[in-house]
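Enquirer: Here's a sequence, model it:
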Amino acid sequence: MKKNSKIILLCLIAAIFSIFASGCSAKESQSASSSTSSGSSKDGKEITVGFSFGMNLVKHWETEVKGAEMAAKDNGAKLVWKSADLNEQTQVADVENMVQTGVDALIVAPANSQGIVPTVNEVKGKGIPVLSVDIGVNGTDVKSHIASDNVKIGQMAADHLAKLIGGKGDIAIITWTTASATQDREKGFLDQLKKYPDIKVVASQNSDGDRNKALAITENIIQKHPKIDGIFGVNASAALGAYGATTAANIKVPIMSVDSDDDVLKAIKAGGNLKATIAQNPYEMGYQAVKAALAVLKGEKVEENIAIPVDLVTKENVGKIADREAAYLAKK
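Expert: Presented below is the predicted three-dimensional model:
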């Protein structure tokens, strides 16, 4: 009788243990399913999006990072980012480190649109989706490109500079030849100038996105063309370099810029040579890039190109744009 009692007791214990184990398993499964369906995790883990940009952390990119951070926060994901300070090899190393650390998706804004291609292909080969933002990748496909319409920016800049100089005169362009965005701006600018037969481009030089180099280039242009009528800088650094050189030389030359960095907006407000800029919306670019990356990870269809609107900024509306930029950076 005692032996039978022991057997019955052991069977009861085994049955209770089995029910308890099944309950735990069901709870774990439910928790994992709930996390995955929220769109902020992958296989029960927090999603991490990497963001590598090849430029310096000037206000434009600081604002873009802020937008990316807010999108990650709003969607329960994690963002890791690095600035390569205009160094192509640094950017390659940054991307490699992100992949090794473990990112689920990668967003890039290349220092060199062609040079980044082998690295992007390597990342894609590991099954990690790649998107580009602001500056494109030339030579391989990405899931989506989120940016302003840079050809349109060039066209808008040409029209306004033509207005500033009365539709005729000699002008110079301070370019940046290795970034797709600035290549497109230059193309749009030159195409639009065909509408103004009395405007002649007498100088066009590459600044590599460097303000000091743009200043030196402009000094040389002024020496060769002392009666230059206008200058187009394809980005903030190019325009600000030209602004510094023309101001130091004490000559009046209308300068057209792109981007809404603090120094650009201050110069426009001051009423000097830097007359206007085409302001992008870097916050929105960063936000939409992360949003698109998370959509890709969820298997959703994402547009190949996502265009972000731009604004012509002059002395009349510069305060409004400055307030917008400050509000973006103040977000928490």
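Enquirer: Point out where the chain drops to low pLDDT.
Expert: The model of the chain has pLDDT under 70 over residues 1-44.
Enquirer: Domains in it, by residue range?
Expert: 41-148+282-308, 150-279 (automatic domain parsing).
Enquirer: Endpoints of the shortest one, how far apart?
Expert: With CA to CA, to the nearest Å as the measure, domain 150-279 spans 11 Å from end to end.
Enquirer: For the stretch 101-250 of the chain, which segments count as strands?
Expert: Using DSSP state E, counting those that start in this stretch, the strands of the stretch 101-250 of the chain run over 105-109, 130-133, 145-147, 169-175, 199-206, 230-233.
Enquirer: could you dump the ones you listed to JSON lines with mean neighbour count and distance to residue 299?
Expert: Placement of C-beta: from N, CA and C, glycine included. Formatted as JSON lines, the strands of the stretch 101-250 of the chain follow (neighbours: other CB atoms under 10 Å; distance: least, CB to CB, whole Å):
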{"stretch": "strand 105-109", "mean neighbour count": "27", "distance to residue 299": "12"}
{"stretch": "strand 130-133", "mean neighbour count": "25", "distance to residue 299": "15"}
{"stretch": "strand 145-147", "mean neighbour count": "24", "distance to residue 299": "19"}
{"stretch": "strand 169-175", "mean neighbour count": "24", "distance to residue 299": "40"}
{"stretch": "strand 199-206", "mean neighbour count": "16", "distance to residue 299": "42"}
{"stretch": "strand 230-233", "mean neighbour count": "28", "distance to residue 299": "42"}
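Enquirer: I'd like to know which of those strands lies nearest to residue 89.
Expert: strand 105-109 (14.6 Å; CB to CB).
Enquirer: quick one: contacts for the residue nearest to residue 293 when sequence neighbours are not counted?
Expert: Of all residues not flanking residue 293 in the chain, residue 105 sits nearest, at 4.1 Å (CB to CB, 6 or more residues apart in numbering). When contacts are counted by CB atoms under 8 Å, 6 or more residues apart in numbering, residue 105 is found next to 47, 49-50, 128-131, 293-294, 296-297.
Enquirer: now do 7 Å
Expert: Contacts for residue 105 (CB atoms under 7 Å, 6 or more residues apart in numbering) come out as 49, 128-129, 293, 296-297.
Enquirer: Buried ones among those?
Expert: Buried members of the contacts of residue 105, scored by 16 or more other CB atoms under 10 Å, are 49, 128-129, 293, 296-297.
Enquirer: so can I have CSV of the residues you listed showing distance to residue 287?
Expert: Formatted as CSV, the buried ones among the contacts of residue 105 follow (distance: CB to CB, whole Å):
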residue, distance to residue 287
49, 12
128, 21
129, 18
293, 11
296, 15
297, 16
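Enquirer: still on that earlier bit, kindly reformat the strands of the stretch 101-250 of the chain as JSON lines containing distance to residue 320.
Expert: Formatted as JSON lines, those follow (distance: least, CB to CB, whole Å):
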{"stretch": "strand 105-109", "distance to residue 320": "26"}
{"stretch": "strand 130-133", "distance to residue 320": "25"}
{"stretch": "strand 145-147", "distance to residue 320": "23"}
{"stretch": "strand 169-175", "distance to residue 320": "27"}
{"stretch": "strand 199-206", "distance to residue 320": "30"}
{"stretch": "strand 230-233", "distance to residue 320": "22"}
